[in-house]
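# A structural model of the following input is requested.
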Amino acid sequence: MVMDDQEILGFLRPQVRDFGCNLAIGPDAWALFAVAAKNAAGNTLAKDLLRSVNFTYATGEAEGDGWILYYVNTENRARAVFWLDDVQRTLAGLHRLPSPAEQALIRDLAGSATPHRVARKLADLHAKGELAAGAIGEPQVVRMLLDRLHAQEPLYFSAFLLLLEQHLIDLLVLYQMLVDEDIRLGNEIVQGSISQDPFLQSRQAAAASIREQWLRFKILNPLDQQKHAANSNPYVAFTETRLVGDDVIIRVDGIDKTKSRLDFVSTIRVLRKNIYRGERIENLSTQTAWVTEVTAQPLRFIKQQMESRKDIAGLDWLYMLERAVNPDGRL
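Predicted coordinates:
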């Protein structure tokens, strides 16, 4: 059975609303889907969607009322809830969130005895496309990561730098959490005399590179080396987007163009959905079938920005762009 994305979403949304592992149907059973037994297409779709999941589920017929129930036990509930959200995000071109296992790994960062190994695992997941940019975005977690810098552990400085280089820390949250003591610590380490101890040398080098990242995204003001008061969203300056009310100002071929924020975000999400499907961003153009008059110029701007900084992966770019123009919205 072949169904398009909207048809699949049309099946999933009411299922998630009414069931979605939020309805207990027994002491250790949570309803994932409930489909009328006579609805052959719905049951085929449910089975197709569940064919390759990483959790265990079971099926059964509701007694006397002709419904097929698809359900999980409590142990598998969190993975099933995440899967439901992730499938919808992928089909809609929304930014993907970290899985429960990845969230646990992220929380381990603040207290791990081997933070460099945890950071490397996260970086490897990101390189494989399994963990999205900005995955570390809970304010309390970002604050804990900043707090640990003050212990001045050389390996932790390297771990923190790796997370920044891989774009895994949400820089808007980091900007909001950053305080004067954090900046002063970095300045003191960078400006101190070079130690003969190679571990302390690595800490100093990592601290300098962290500051370079903060300067690159205009989190720090290069003039006074303090928090950039005029740039409250690091992604705005870096992506060269400007917001005026509900409009986005973009420069295409040297000319400023005004686009609605809604249309700009919609273009980002269509692009992201196609990348999820394996499309290469460089193969897309204004002649691509889904490109319309509304999305053509935002697409040209996005490709223009990506081509100017090819060291940043396409999905990372789309995260930064959407975070720049939709800082408070659902990514």
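# And the helices in this protein?
For the chain, the helices defined by DSSP state H occupy 5-18, 40-49, 74-92, 100-108, 115-127, 139-149, 154-165, 171-177, 180-191, 198-216, 234-239, 261-276, 293-308, 314-325.
# Can you tell me which of those helices is nearest to Leu32?
helix 74-92 (5.7 Å; Cβ to Cβ). No exception for glycine: its C-beta is placed from N, CA and C like everyone else's.
# re earlier: most packed of the helices of the chain?
helix 314-325 (a mean of 23; mean count of other Cβ atoms under 10 Å).
# List of residues touching that one?
Applying Cβ atoms under 8 Å, 6 or more residues apart in numbering, the contact partners of helix 314-325 are 95, 129, 132-134, 167, 170, 172, 233, 235-236, 238-239, 241, 243, 248, 261, 264-265, 268-269, 271-272, 275, 281, 302, 305-306, 309, 312, 331.
# quick one on the thing from earlier: can I get the helices of the chain in TSV with mean pLDDT?
Converted to TSV, the helices of the chain look like this (pLDDT from 0 to 100):
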stretch	mean pLDDT
helix 5-18	94
helix 40-49	95
helix 74-92	96
helix 100-108	94
helix 115-127	96
helix 139-149	96
helix 154-165	95
helix 171-177	96
helix 180-191	87
helix 198-216	87
helix 234-239	91
helix 261-276	91
helix 293-308	85
helix 314-325	94
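# Let me have these in CSV, extended by distance to Trp30.
CSV is the format used below for these (distance: least, Cβ to Cβ, whole Å):
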stretch, distance to Trp30
helix 5-18, 12
helix 40-49, 15
helix 74-92, 5
helix 100-108, 15
helix 115-127, 27
helix 139-149, 27
helix 154-165, 34
helix 171-177, 32
helix 180-191, 42
helix 198-216, 43
helix 234-239, 38
helix 261-276, 27
helix 293-308, 40
helix 314-325, 31
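# Ok, which of those comes nearest Asp28?
Once the helices of the chain are compared by Cβ to Cβ, helix 74-92 is nearest, at 5.5 Å.
# how far does the closest one sit from the chain's center?
The chain centroid and the centroid of helix 74-92 are separated by 15 Å under Cα atoms, centre = their mean, to the nearest Å.
# going forward, begin numbering at 814 instead of 1
Sure, I'll start counting at 814 from here, so that last one is helix 887-905.
# by how many degrees do that helix and helix 818-831 diverge?
For helix 887-905 against helix 818-831, the angle by axes from the mean of the first three to the mean of the last three Cα atoms, to 10 degrees is 150 degrees.
# could you give the angle of helix 887-905 to helix 1074-1089?
110 degrees.
# could you say what helices and strands helix 887-905 packs with?
Based on contacts counted as 3 or more Cβ pairs under 8 Å, 6 or more residues apart in numbering; DSSP states H and E, the elements that helix 887-905 packs against are helix 818-831, strand 842-849, helix 913-921, helix 1074-1089.
# what does the longest one rub up against?
In other words, helix 1074-1089. 818, 903-908, 1056, 1059-1061, 1063, 1094, 1097, 1103, 1107-1108, 1111-1112, 1115, 1127-1128, 1131, 1134-1135, 1138-1139, 1142.
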